[in-house]
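# following is a predicted model, sequence given first.
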Amino acid sequence: MTRAGAGGVGSTEPPRSAGAGLAGAGTWTSDEMMAVAASRRLTNDSVCFVGIGLPSLAANLARRTHAPGCVLVYESGTIGAKPTSLPLSIGDGELAETADAVVSVPEMFAYWLQGGRIDVGFLGAAQIDRHGNLNSTVIGDYATPKVRLPGGGGAPEIATSVSDVFVMLRQSPRAFVERLDFKTSRGDRVRFVVTDLGILELRGGELELVRVHPGVSVDQAREATGWELRVAPDIEQTEPPSRTELAALRALETKGRE
Amino acid sequence: MTRAGAGGVGSTEPPRSAGAGLAGAGTWTSDEMMAVAASRRLTNDSVCFVGIGLPSLAANLARRTHAPGCVLVYESGTIGAKPTSLPLSIGDGELAETADAVVSVPEMFAYWLQGGRIDVGFLGAAQIDRHGNLNSTVIGDYATPKVRLPGGGGAPEIATSVSDVFVMLRQSPRAFVERLDFKTSRGDRVRFVVTDLGILELRGGELELVRVHPGVSVDQAREATGWELRVAPDIEQTEPPSRTELAALRALETKGRE
Amino acid sequence: MAEIVSLSDAVRELVADEHVVALEGFTHLIPHAAAHELIRQGRRDLTLVRMTPDVIYDQLIGMGCARKLVFSWGGNPGVGSLYRFRDAVEHSWPVPLELEEHSHAGMAAAYAAGAANLPFGVLRGYAGTDLVAHTRVAFVECPFTGEQLAAVPAHRPDVGIIHAQQADRQGNVQLWGITGVQKEAVLASRHSIVTVEEIVDEFERRPDSVVLPSWVVDAVACVPRGAHPSYAHGYYERDNDFYVAWEAISRDRDVFTAWMREHVLEGVPA
Amino acid sequence: MAEIVSLSDAVRELVADEHVVALEGFTHLIPHAAAHELIRQGRRDLTLVRMTPDVIYDQLIGMGCARKLVFSWGGNPGVGSLYRFRDAVEHSWPVPLELEEHSHAGMAAAYAAGAANLPFGVLRGYAGTDLVAHTRVAFVECPFTGEQLAAVPAHRPDVGIIHAQQADRQGNVQLWGITGVQKEAVLASRHSIVTVEEIVDEFERRPDSVVLPSWVVDAVACVPRGAHPSYAHGYYERDNDFYVAWEAISRDRDVFTAWMREHVLEGVPA
């Protein structure tokens, strides 16, 4: 419940500029671009720890496009869930109904997450630093916070138990900060960060901009970052969402809203 | 699997004197007397950790006579088993089929036994000392044993996790010893020991003979004990098995053998 | 053996001021009706334990029932903030709220340790986070490998409260679907209350279901729709509109107070 | 993802001499056919792990496959002694057998720790017994209460082997009835082999069943009656006569050797 969506991207941040950030591309929203970009990094063999919101959208999109074998594990205890529509919460009934098995929450965290059986974990946050460390706990001082956020939930151990952490987080100087107000989870295993502007990868311990989404400039990404952003020499533009990806995504979203 | 029956009374010892020890009473065997005497100590509220053999017979007899509410828990994971016949092993299919629930063995030992939810645990052994400590591990030296016994199984933690330990063990100087060859489980929680000769209770940290079975003399019990046996001043004779008890017992045994 | 009683009797008899109380249900079978009864009976200074203090604890906290919260994720899932929780932490309204904050893995290990009657649970966690400085966690060394692992103190609530689909007439309980940490919450607690959708003559056992035998439960109360606005698998769906609507109700002290008066304080006790 | 292969291929590929191997099944679903395959393929110097090394390990030990035994109860359940086990311990026949002896609770905690990828398991046990001096156990102090608790090193076998009722064509596995410690044995092991009664198109899920998804299993082999003489709930009953007969077979080295030659070495591989 700390993944993007609940703890970060989706809900505690107001939707900033869905679509508008794409400077006229206009045929998809920035949320859709983020979901598509993240889904492409999942493979047919991936076992993913999935949260609600964009991560769930990305993982379910992967299952419906290039990675039908991708296994979805929700921290509520559902292993191998195959939802037909986007779940409203990580504990939706359909996850249990379509799962290979449902286990208890203590078992999920002990045997499955800590057990080292999960390849990919999605995380969101309110703040990220250049090393991929995340804050989803407080803005301001812990004892006298300016904003009390939901807290870490699964994040501290997801961040250290999965092989690859995928972060999904809208890019802004408020979120991409020089210094976290609180370190909720460690960045060591962050593989990349998908934002509404592009994709960053952790290279040599520091996040580096490796892709900008269509219609986004490197300067925009720099301005949206609270530290001096490293830019990869070989930076490329993200491949725009394909017709197939968008169709699959919208089918999912529509069903989820019905 | 270390309870009387598997680890002690029932099988590793040859049947010594079934019936004969009762000096002509002749209408029940000493096994039956032991099962009846143990079953009487169970109440309608008892939650029992049951092994195979005499303990299972005693607990199932209690359920069929004065304690229909007595809950049987087998270490194989079956909670609230209601077998119609005597199980052949602690893992018989009928235990699972008639149980309220079946849990994993790690859960059984962690949440249910160590959890402190079991009132009564039955134990057998090859040796017992005057403090109720038991040996079901080796006769002779551990590294170069004269006889390698099956080992502790559940006994070490049963002996310290249940409220009351009931020991069932045939009485002989070979079994009732001054000094154990190996301490497999502690005697602190032993409430009484049912033997083929009588009943001993742990009083002030030492076992004391409080009952002799019909046809058994106190001297017989003394001779069958490897230390100087304390005898309760108020020692009584065990009430012989009633017609009801014997009928219920034999119905169970017959079904078990079918 | 569980007694089958009314919810108000169960709460009256088993939950006292200053108790440590865990109401569990991980996104599913959240015992809302029981929380409302705690509010109606005016319990104070509770230490509330729950992995995901969502709307149910927002209500308890906003009504001033809690002195301390032990938790790992406090939000309105899929919607946003819990404003009553935030108001208590940020502005001590209506009373100050002490926090003992864990990760999900730490909370789960603490419940499992409690259920197993151990004083602490062990996990590979917390290390390298700022949580370490702000919660009850210690590090223990593996006597075989030398590795440092996190230890969390076991949860041992005075009362564990859950909602389940069914009880039988003997007070045995069955729940299924997402079963979360409910078994551990009941087994870790000194006493337990289970509200159920219905009382049946005999269970039909379900795959991945949890059965709690009557002798580990103190009180069973039949409260149909007792998990609303969360859901009861096989009985009713999550009332997602309510979660969305809670955002506006929770955001304002007066709106919240009026809503609670109308819907809970003056509601019909179960 | 599990591959569906023959038992002999699975054993050939995954089990090597000197491996630590756990064959589990608590009185039920004991993987006898897999043990026979280990014997036929002549594995040596294995460290065999099992809570209840009953007839299955008596056979492996008597055939000289094992160098070490990690266990908690070694008898012929309901019958008596394991004479091959005793002969190895008492007279080093056919080879010496090192023992690492635990209690059931300790073995269960060690498997659970292994499944959870922890280096040790914690329990309230062993204290005050002579086991402490003869096994791998240590005591750790609770950092919150000061209580001393036993720590056992996690089981992390090279290969875990179990028998289950069913696999589906993707290699997902389902077992039910008494499920023992099999889930933990598989999850604690680096590799795993599951023999099954049958391969089905789709599971019918059962109450209290365990499902192991294909991606945590290495090899599935279809071996009907692969648990005989133990039983497979819903398929066949325990062959109690065999357990009783084993007493006489096991008691004598020559009788044992002849029996194994006839029934296992010259038996038809699965």
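Here it is on my side, so go on.

# distance of the residue positioned nearest the centre of chain A from residue A:52?
Taking Cα atoms, centre = their mean, the centroid of chain A lies closest to residue A:168, which sits 3.1 Å from it. Going from residue A:168 to residue A:52 by Cβ to Cβ, to the nearest Å gives 12 Å. Where C-beta positions appear, they are placed from N, C-alpha and C, glycine not excepted.

# which residue is the nearest non-sequential neighbour of residue C:227?
Nearest residue to residue C:227, sequence neighbours excluded (Cβ to Cβ, 6 or more residues apart in numbering or on different chains): residue C:163, at 4.6 Å.

# over to residue A:145?
For residue A:145, the nearest residue in space outside its immediate sequence neighbours is residue A:138; the separation is 4.1 Å by Cβ to Cβ, 6+ apart.

# would you map the helices across the stretch 151-270 of chain C?
According to DSSP state H, counting those that start in this stretch, the stretch 151-270 of chain C carries its helices in the segments C:182-188, C:240-251, C:253-260.

# touching chain D at all, the shortest one?
This points to helix C:182-188. No: Helix C:182-188 is not in contact with chain D by Cβ under 8 Å from any Cβ of the partner chain; minimum separation 12.8 Å.

# and that helix, does that touch chain A?
Yes: contact between helix C:182-188 and chain A, assessed by Cβ under 8 Å from any Cβ, occurs at C:183, C:184.

# so for chain C, the centremost residue is which one?
Per Cα atoms, centre = their mean, the C-alpha nearest to the average position across chain C is that of residue C:23, at 2.0 Å.

# these two touch, right, it and residue C:56?
Yes: taking Cβ atoms under 8 Å as the definition, residue C:23 is a contact partner of residue C:56 at 6.3 Å.

# overlap in contacts, those two.
Common neighbours of residue C:23 and residue C:56, counting by Cβ atoms under 8 Å, 6 or more residues apart in numbering or on different chains, are C:30, C:31, C:35, C:50.

# TSV for these, including pLDDT, secondary structure and distance to residue A:126?
Conversion of the shared contacts of residue C:23 and residue C:56 to TSV gives the following (pLDDT from 0 to 100; DSSP: H, G, I helix; E, B strand; the rest coil; distance: Cβ to Cβ, whole Å):
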residue	pLDDT	secondary structure	distance to residue A:126
C:30	98	coil	25
C:31	98	coil	30
C:35	98	helix	28
C:50	98	strand	22
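
# ranges for the strands of chain C?
Listed from the start of the chain, chain C has strands (DSSP state E) covering C:3-4, C:20-23, C:46-50, C:66-71, C:98-101, C:120-123, C:138-141, C:148-153, C:159-168, C:173-175, C:191-200, C:210-212, C:219-222.

# which residues touch the residue nearest to residue C:227?
Shown in contact with residue C:163 (Cβ under 8 Å, 6+ apart): C:25, C:29-34, C:175, C:194-197, C:223, C:226-227, C:232.

# at 10 Å instead, please
Under the criterion of Cβ atoms under 10 Å, 6 or more residues apart in numbering or on different chains, the contact list for residue C:163 reads C:23-25, C:28-34, C:173, C:175, C:182, C:193-197, C:221, C:223, C:225-228, C:230, C:232.

# any chance you could map the strands in the stretch 101-250 of chain A?
Here the stretch 101-250 of chain A has its strands, by DSSP state E, counting those that start in this stretch, at A:101-102, A:120-123, A:127-128, A:134-135, A:138-140, A:145-148, A:164-168, A:190-194, A:198-203, A:206-212, A:230-237.

# give me the average confidence score over the third one.
Model confidence over strand A:127-128 averages 98 on the pLDDT scale.

# again, but for the fifth one
Averaged over strand A:138-140, pLDDT sits at 98.

# gap between whichever residue of chain C sits closest to chain A and residue C:40?
Chain C approaches chain A most closely through residue C:27 (2.4 Å), counting by Cβ to the nearest Cβ. For residue C:27, the distance to residue C:40 (Cβ to Cβ) stands at 25 Å.

# also residue C:222?
The gap separating residue C:222 from residue C:40 is 18 Å, by Cβ to Cβ.

# which positions in the stretch 51-200 of chain C make contact with chain B?
C:112-118, C:168, C:170, C:172, C:174, C:183-184, C:187-188 (Cβ under 10 Å from any Cβ of the partner chain).

# cutoff 8 Å now
C:112, C:115, C:116, C:117, C:118, C:172, C:183, C:184, C:187.

# turn the residues you listed into TSV, including pLDDT and neighbour count.
Putting these into TSV (pLDDT from 0 to 100; neighbours: other Cβ atoms under 10 Å in any protein chain shown) gives the following:
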residue	pLDDT	neighbour count
C:112	98	31
C:115	98	30
C:116	98	26
C:117	98	21
C:118	98	22
C:172	98	23
C:183	98	28
C:184	98	29
C:187	98	24
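
# and the residues you listed, which two are the farthest apart?
Set against one another by Cβ to Cβ, those have their most distant pair in C:118 and C:172, with a gap of 25.9 Å.

# switch the residues of the stretch 51-200 of chain C next to chain B over to a markdown table; also include distance to residue A:211.
Rendered in a markdown table, the data for those read as follows (distance: Cβ to Cβ, whole Å):
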| residue | distance to residue A:211 |
| --- | --- |
| C:112 | 42 |
| C:115 | 47 |
| C:116 | 48 |
| C:117 | 53 |
| C:118 | 48 |
| C:172 | 57 |
| C:183 | 45 |
| C:184 | 44 |
| C:187 | 49 |
